[in-house]
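Student: give the three-dimensional model of this entry:
(2 chains)
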Amino acid sequence: MSNASGSGNTCLHGDTYGLTAVSPIRPDDGRRSPRLELEHILNHLPTLADSPLAKLTDTHFARWVVINRLPFEGKRDWADSLPVPYLLFTSQFDSSLEDYLERMCRLIPDTVEAIWGTCSGFPGTDPAAFTRYMKQCQVETTFFFGAYPSANVSEVKRAIEIQDATRRFVVANQRKSPRELRAAFQEFRDGLFPSRQSQ
Amino acid sequence: MANKAGKSYALTAMTPIPPLKTPLVRLVFQGIRLGFDPQDSANLKALEFIHFARWVLIPRGAWPWFSGPDPAEQLEHDYMLFESNFNGNWQNYIGAFSELVHVGMEGIWGTSVAFPGPRPITPFLDYIRGVQYLTTYYYSAYPQATTKDILGAMRVQDELEAFMLASDGLSDDEFAAAYNEFLGRIQQHLGRIGEDE
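Tutor: Residues are numbered from 1 along each chain as shown, chains lettered A, B, ... in the order given. From the prediction side, this is the model:
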C-alpha cells in the first residue's frame, strides 16, 4: 500500500521502510576502546557484492556512521556534547522492520555481534531480544522520499537487466530486414520473459 | 572508500535546533507532504540524482541510554539528521539544492543554529562541511547505477512491455515501423549502465 502521506518511517508515495537507529557505544575503560574497535571493524568490512548487507537482499542502501560529536557552527559555548559516541545505522529496505531485524540475526549474526557488541545494552543476536533493542534505539523518520519509492530491490535490478538486454539487442539488430528483425525480437522476448513466450 | 559505494555518495549531516523551534520544522515537513511548495518539489524531482533522502528529528531526550541517569537530558538542543543517497559530486549536489530548492531549504534548515541560508553558495557549503559526518561504511544494492539510470531502465521496461503487447498481430513491415517508433521513445535511455563516469 502506497504511503501517500509520507508519514513516519515509510517512503512518501511508496512502501520502502527507512530505519534510523542510534546506539550508545560503550565507553573506553582505559584498556579497551570500543569506539576504535568499532571503527576498525567497519573499515575492514567487505564491500559491494561481498558486503554482509548483500545477504539482506531487500536492502536498497544502508550505512553505519560513528557519531563522535554533535556539530555546532554557532557560538562554541552553546555547543552540546554527548556522554559517549553513538553508532548511527540507517537502512532502506522492502520488508517490515521485524522481518528485517530477524533476518539480520539469522543471516549475518557475526556482523551484528561484532558491530553492536561494541554498544551498550546490546542483548546478543536472539531475534526477539535484538528487535526489542533496536526498537529502543530507533528514532522515527520525520520525512522520507525517494526517486522510485514503489520499486523494491528485485524490481530495480530486473529493470536494469531488461535495459541492458534491450540495449544489446538494439545494437546487434541494426539494418535487419523486417522479417529478420521480427524473428530476432521474438527470440529476444522469449528469452527475457520465458513465462510469456509468444505463440 | 567512506562516503561512496560505486556511483552513490552518502551524505550524513546533523544540525542543532532550539527545542522551541522544532515544532516549526515539523510543520514545514507537513506542508511539503501536503504539496505546499510544488515548484521546489518539481525541481527536486527533475534533478534525478537522489535515490533516497530522509530527515529525522531527534528530540534531546530521544538518545537511547541503557544504564543510570540519562546524560542526554542535559542537551540544550534537539537535532535534525539529514541523510541522502545521491550520484555525482558533493559540491554540485549542494549547489543544486541551493539553486533550485532554496525555498524548501530555508524552511527546513532555517531554524538550525547558525544556518547561513542556501544563498550565497560559499557560506552554505562551509556550513554543510561543518555539520557533515564521515560515513564510515556505506552499502548500495546497485552501486553502478545512478538514479537516472534506474529511472531510464524502468522507462525502457515499460515501453518494451507496451511494445510487446502492441506488436502482436502486425505484419512484418508494420512491426518494423512500430519498432522504430519504440526505439525513438527509448533511445535516450539506452546508455550502458555501469560505465565509469
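Student: could you use CA atoms for every contact and neighbour count after this?
Tutor: Fine.
Student: how many residues are close by A:Ala184?
Tutor: A:Ala184: 16 surrounding residues under other Cα atoms under 10 Å in any protein chain shown.
Student: now A:Ile160
Tutor: What A:Ile160 shows, counting by other Cα under 10 Å, is a neighbour count of 24.
Student: got it, and B:Ala166?
Tutor: 12.
Student: what sits up against the helix or strand containing it?
Tutor: Taking DSSP states H and E as the definition, B:Ala166 sits inside helix B:147-167. Contacts to helix B:147-167, defined as Cα atoms under 8 Å, 6 or more residues apart in numbering or on different chains, come from residues A:147-148, A:156, A:159-160, A:162-163, B:48-51, B:86-87, B:175, B:178-179, B:182, B:185-186, B:189-190, B:193.
Student: from these, which land in helices?
Tutor: Secondary structure from DSSP state H places A:156, A:159-160, A:162-163, B:175, B:178-179, B:182, B:185-186 of those in helices.
Student: pick out whichever of these sits closest to A:Glu140.
Tutor: Taking Cα to Cα as the measure, A:Glu140 lies nearest A:Val156 of the ones in helices among the contacts of helix B:147-167, at 26.1 Å.
Student: just to revisit the earlier point, how far does the helix holding B:Ala166 sit from the chain's center?
Tutor: 23 Å (Cα atoms, centre = their mean, to the nearest Å).
Student: buried ones in that helix?
Tutor: Going by neighbour count (16 or more other Cα atoms under 10 Å in any protein chain shown), the buried part of helix B:147-167 is B:147-157, B:159-160, B:163, B:167.
Student: can you give me the helices for the chain?
Tutor: Chain wasn't specified; assuming chain A. A:34-43, A:97-107, A:109-116, A:127-137, A:153-172, A:178-192.
Student: switch to chain B, please.
Tutor: B:22-33, B:38-47, B:90-100, B:102-109, B:121-131, B:147-167, B:172-186.
Student: worst mean pLDDT among the ones you listed?
Tutor: Among these, helix B:38-47 carries the lowest mean pLDDT, at a mean of 63.
Student: near chain B at all, the helix or strand bottoming out on mean pLDDT in chain A?
Tutor: Within chain A, confidence by mean pLDDT, DSSP states H and E is lowest for strand A:143-146 among all helices and strands, at a mean of 89. Yes - using Cα under 8 Å from any Cα of the partner chain, strand A:143-146 reaches chain B at A:143-146.
Student: tell me which strands that strand pairs with, and in which orientation.
Tutor: Applying DSSP bridges, strand A:143-146 is found paired with strand B:50-58 (antiparallel).
Student: what's the angle between the strand it pairs with and helix B:147-167?
Tutor: With axes from the mean of the first three to the mean of the last three Cα atoms, to 10 degrees defining the directions, strand B:50-58 sits at 130 degrees from helix B:147-167.
Student: for strand B:50-58, list the C-alpha coordinates in PDB.
Tutor: Extracted in PDB, the C-alpha atoms of strand B:50-58 (Å, rounded to 0.1, in the frame of the first residue of the first chain):
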ATOM      1  CA  ILE B  50      18.800  11.500  -5.500                       C
ATOM      2  CA  HIS B  51      18.000   7.800  -4.800                       C
ATOM      3  CA  PHE B  52      16.600   8.300  -1.300                       C
ATOM      4  CA  ALA B  53      16.800  11.000   1.300                       C
ATOM      5  CA  ARG B  54      15.400  11.500   4.700                       C
ATOM      6  CA  TRP B  55      15.200  13.900   7.600                       C
ATOM      7  CA  VAL B  56      15.000  12.700  11.200                       C
ATOM      8  CA  LEU B  57      14.200  15.000  14.100                       C
ATOM      9  CA  ILE B  58      15.900  13.700  17.200                       C
END
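Student: ok now that strand, how far from the chain's centre?
Tutor: Distance, centroid of strand B:50-58 to centroid of chain: 8 Å (Cα atoms, centre = their mean).
Student: what residues sit buried inside that strand?
Tutor: So for strand B:50-58, counting by 16+ other Cα under 10 Å, buried means B:50-58.
Student: would you reformat these as TSV and include pLDDT?
Tutor: Shown next, in TSV, are the buried residues of strand B:50-58 (pLDDT from 0 to 100):
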residue	pLDDT
B:Ile50	90
B:His51	94
B:Phe52	93
B:Ala53	91
B:Arg54	93
B:Trp55	93
B:Val56	96
B:Leu57	96
B:Ile58	95
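Student: give me the contacts around the least confident helix or strand of chain A.
Tutor: A:6-13, A:18, B:29, B:50-56.
Student: export only the CA atoms of it, formatted as PDB.
Tutor: Output of strand A:143-146 as PDB, limited to C-alpha atoms (Å, rounded to 0.1, in the frame of the first residue of the first chain):
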ATOM      1  CA  PHE A 143      10.300  12.800   6.200                       C
ATOM      2  CA  PHE A 144      11.500  10.300   3.700                       C
ATOM      3  CA  PHE A 145      11.300  10.400   0.000                       C
ATOM      4  CA  GLY A 146      12.800   8.500  -3.000                       C
END
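Student: check the residue of chain B most remote from its centre and give its pLDDT.
Tutor: Largest separation from the mean C-alpha position in chain B: B:Ser171, at 45.7 Å (Cα atoms, centre = their mean). B:Ser171 carries a pLDDT score of 95 in this model.
Student: what do you get for B:Met1?
Tutor: At B:Met1, pLDDT is 55.
Student: same question, A:Asp29
Tutor: 88.
Student: same check, this time on B:Phe36
Tutor: 61.
Student: partners of the most centrally placed residue in chain B in the sheet?
Tutor: With distances taken as Cα atoms, centre = their mean, B:Ile50 lies nearest the centre of chain B, 3.4 Å away. B:Ile50 forms beta bridges with B:Phe86, as assigned by DSSP bridges.
Student: run a quick neighbour tally on residue 189.
Tutor: As the question left the chain open, I've gone with chain A. The tally of other residues near A:Arg189 (other Cα under 10 Å) stands at 18.
Student: sorry, should have said chain B
Tutor: 20.
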